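S.K.: just the structure for this:
(one chain, ligands or ions: 1)
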Amino acid sequence: MAFARSALLALLGVLLTVLMTVLSPGGTASAQPKVTPKNAPPPGKKSGAGQTAPKAPLITPRSTEPRPSKEGIDFFEKKIRPVLVHNCYKCHSGDPAKAKAHFVLDTYDGLRKGGDSGEVVAPRHPEKSLLIEALKYEGYEMPPEGQLPDEVIADFEKWVEMGVPDPRIGKAANSKNKVDIAEAKRYWAFQTPKAATPVPKVHDSSWPQSDIDRFILARLEHEHLKPARAADPVTLIRRVKFDLVGLPPTPQEIDEFVADKSTDALATVVDRLLASPQFGERWGRHWLDVVRYGESTGKERNVPYRYAWRYRDYVIDAFNTDKPYDKFIVEQLAGDLLIVQNRAEHNKLVIATGFLAIGPKAVNTNNPEQFKVDVIDDQNVDGVFLRFEV
Ligand code: HEC
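M.R.: Residues are numbered from 1 along each chain as shown. Predicted coordinates:
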C-alpha cells in the first residue's frame, strides 16, 4: 500500500512537472535562484507547514539536465540509494506535506526541490549543500538516531561532487518508452552459435596439414601473402610449453624433443603437457581472472579469505579433469544443492560455490542493508556467465 501510494505521488509529481514545463513561457521553466544554507530559515522554522501546493516553479528544468553517466548511476545505486532507503525514508518519503521539514528524497523532484529550507543539494558543491551539513551534524543532525559512518558521509560528498547523478531523473519521458523486447533479443550473447563455415578451398594444397591450416592459408592467399617458414624444433617446444603450462622448456626437454625424429614427436609433448597438473594451473588462471579471484576482501579492511585456495584448487582440478562446462557452471552456482552420493562429494561441491563468496567486500559498513546489497552485487553471475551486467 505504502509503495503504491508513493508511486502514485511520484507519478503525479512528474506529470505536474511536465505540465508546468510545457505551460511556462517559452516552453521551459525558468531556472530557480539557488537557496544556500546561509540564507535558509533556521532549523525548526516550519515555514512551509500546512502547505500542500508545491512552490512554483517546481524544480530546475529537468529537460536541460543530461542523463547521468553509467558510472554515476552505479554509484547512486550502490552507495546512495540503500542509505536513503534505510536511513531516511522513514521521515522523508511519500507525501511532502506530511514528511519531516516537507522534504522527501524518494523522488528526483523531492530531492532537488528540498524542504522548508529550499534546495538542499548544490550539484558539484558539497560544501554548499545543506544535505551534507546535515549528515555531518553541522546544524541539522540527520539521521537523528545517530550519525552515519564517515565513509558513508564521504560517499555522499563524492556523489554531490559528481553532480548528484540520479537515475530517477527524466522518469516521465522514459516510462512512455516501452522496453523493446525484439531489439533486446538481438543482443549477441542470446544468439545461438553459428554453424561452422565450410572449410575454404586453397591453391597451394601442399602446405596445409589440417583444416585450421586451410583457413589460415585461404586468408593469406586472399592477401597475396606466403606462409612463414615452419618453426625449428627449439622454437616450437618453447611455444608449446608456454602455451600449455606457461613455463619455458628445460634444457633436457629441448634435447629430448630435438632428438625425437618420430612423426608424432609434437603430439607426444602436447599430450604430456596436457596431462600435467601445471596445465590446469595455467589455464585455470584465466577463469580465476574472470571471476575476480582474490584471497582477501580488499577495500578498507583487507580481511584474508583463509580458505580461498580451496576454490582455486577446485578450478584447477576442473581443468585438469576436463570437467564439462555445463557441470562447471552448475556446480559453482548451486553445488550445495546438487544430489550427491556421500558427504565427501557434497563438501567438494560446496567448495565450488566459493564462486559466490569471493570478490571484494566492504566489511567496514554499519549498514546491514548496504552490505547485503553489495554482496549480492559482487556475485558476478551476470558478468561471468551472461556477459552483461544487470
Ligand atoms: C526520525 C526522522 C528522520 C530521519 C530518519 C531523517 N530525518 Fe531529516 N529531518 C527530520 C526532521 C524532523 C527535520 C526537520 C528538522 C528541523 O526542522 O529542525 C529534518 C530535516 C532534514 C533536512 C532539512 C530539510 C530542509 O529543507 O529544511 C535535511 C536535508 C534532512 N533532514 C536530511 C535527512 C537525510 C539525508 C536523512 C537520512 C540520512 C534524514 N534526514 C533522516 C527527521 C528525520
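S.K.: list the contacts for the closest residue to the ligand within the stretch 101-250 of the chain?
M.R.: Nearest residue of the stretch 101-250 of the chain to the ligand (C-beta to the nearest ligand atom) works out as residue 115 at 2.8 Å. For glycine as for every other residue, the C-beta is placed from the backbone atoms N, C-alpha and C. Residues near residue 115 by C-beta atoms under 8 Å, 6 or more residues apart in numbering: 48, 92, 96, 99-104.
S.K.: the residues you listed also near the ligand: which ones?
M.R.: Restricting those to those near the ligand by C-beta under 6 Å from any ligand atom leaves 92, 100-101, 103.
S.K.: ok, of those, which come out buried?
M.R.: With burial judged by 16 or more other C-beta atoms under 10 Å, the buried subset of those is 92, 101, 103.
S.K.: for these, give me TSV that also has distance to residue 363 and secondary structure.
M.R.: Below are these laid out as TSV (distance: C-beta to C-beta, whole Å; DSSP: H, G, I helix; E, B strand; the rest coil):
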residue	distance to residue 363	secondary structure
92	28	coil
101	34	helix
103	32	coil
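S.K.: reformat the residues you listed as a markdown table; add pLDDT.
M.R.: Below are these laid out as a markdown table (pLDDT from 0 to 100):
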| residue | pLDDT |
| --- | --- |
| 92 | 94 |
| 101 | 94 |
| 103 | 95 |
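S.K.: what's the helix or strand that contains residue 74 packed up against?
M.R.: According to DSSP states H and E, residue 74 maps onto helix 70-75. Counting contacts by 3 or more C-beta pairs under 8 Å, 6 or more residues apart in numbering; DSSP states H and E, helix 70-75 packs against helix 150-161.
S.K.: between which two of the ones next to the ligand among the contacts of residue 115 is the distance greatest?
M.R.: Greatest spatial distance among those (C-beta to C-beta): 92 and 101, at 7.7 Å.
S.K.: spatially nearest residue to the residue of the stretch 101-250 of the chain closest to the ligand (excluding sequence neighbours)?
M.R.: Among residues not flanking residue 115 along the chain, residue 103 sits closest, at 2.7 Å (C-beta to C-beta, 6 or more residues apart in numbering).
S.K.: what mean pLDDT does stretch 348-367 have?
M.R.: Averaged across stretch 348-367, the pLDDT comes to 90.
S.K.: now do the end-to-end distance for that stretch.
M.R.: 33 Å (C-alpha to C-alpha, to the nearest Å).
S.K.: what residues of it count as buried?
M.R.: 349-356, 358-359, 361-362, 365, 367.
S.K.: and what of stretch 93-101?
M.R.: Neighbour count says stretch 93-101 has 93-94, 96, 99, 101 buried, by 16+ other C-beta under 10 Å.
S.K.: farthest pair in these?
M.R.: 94 and 101 (13.6 Å).
S.K.: for the residue of the stretch 251-390 of the chain found nearest the ligand, which non-adjacent residue is closest in space?
M.R.: Distances between the stretch 251-390 of the chain and the ligand by C-beta to the nearest ligand atom are smallest at residue 367, namely 10.5 Å. Leaving aside its sequence neighbours, residue 367 sits nearest to residue 86 (C-beta to C-beta, 6+ apart; 5.9 Å).
S.K.: got it, and residue 365?
M.R.: residue 371 (5.2 Å).
S.K.: just list the residues touching that neighbour, thanks.
M.R.: By C-beta under 8 Å, 6+ apart, the contact set of residue 371 is 361-363, 365.
S.K.: got a markdown table for the residues you listed, with distance to residue 261 too?
M.R.: Formatted as a markdown table, these follow (distance: C-beta to C-beta, whole Å):
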| residue | distance to residue 261 |
| --- | --- |
| 361 | 57 |
| 362 | 61 |
| 363 | 61 |
| 365 | 66 |
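S.K.: distance to the ligand and secondary structure for these - can I get that in TSV?
M.R.: Compiled in TSV, those are given as follows (distance: C-beta to the nearest ligand atom, whole Å; DSSP: H, G, I helix; E, B strand; the rest coil):
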residue	distance to the ligand	secondary structure
361	23	coil
362	18	coil
363	22	coil
365	14	coil
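S.K.: pLDDT weak spots in the stretch 251-390 of the chain?
M.R.: Regions of the stretch 251-390 of the chain meeting the criterion pLDDT under 70 cover residues 387-390.
S.K.: burial count for residue 66?
M.R.: Neighbour count for residue 66, taken as other C-beta atoms under 10 Å: 10.
S.K.: how near is it to residue 72?
M.R.: Applying C-beta to C-beta, to the nearest Å, the value for residue 66 to residue 72 is 10 Å.
S.K.: likewise residue 304?
M.R.: Distance from residue 304 to residue 72, by C-beta to C-beta: 33 Å.
S.K.: which of those two has more neighbours?
M.R.: residue 72 (17 against 10).
S.K.: ok, for that one, nearest residue in space, not its chain neighbours?
M.R.: Spatially, and ignoring its direct neighbours in sequence, residue 72 is nearest to residue 165 (2.7 Å; C-beta to C-beta, 6+ apart).
S.K.: so who does the one you found touch?
M.R.: Contacts for residue 165 (C-beta under 8 Å, 6+ apart) come out as 68-69, 71-73, 75-76, 159.
S.K.: what is the most widely separated pair among those residues?
M.R.: 69 and 159, at 12.6 Å, using C-beta to C-beta across the contacts of residue 165.
S.K.: these two: who's more crowded?
M.R.: Between residue 69 and residue 159, counted using other C-beta under 10 Å, the more crowded position is residue 159 (24 against 12).
S.K.: hang on, isn't that one packed against residue 80?
M.R.: Yes - the pair residue 159 / residue 80 is scored as a contact, 5.3 Å apart, by C-beta atoms under 8 Å.
S.K.: three-state assignment of residue 97?
M.R.: At residue 97 the chain is in coil, as set by DSSP: H, G, I helix; E, B strand; the rest coil.
S.K.: tell me the confidence at it?
M.R.: 89.
S.K.: check contacts around the closest residue to residue 160 other than its chain neighbours.
M.R.: The shortest distance from residue 160 to any non-neighbouring residue, by C-beta to C-beta, 6+ apart, is to residue 126 (4.2 Å). The neighbourhood of residue 126, defined by C-beta under 8 Å, 6+ apart, consists of 132, 156-157, 160-161.
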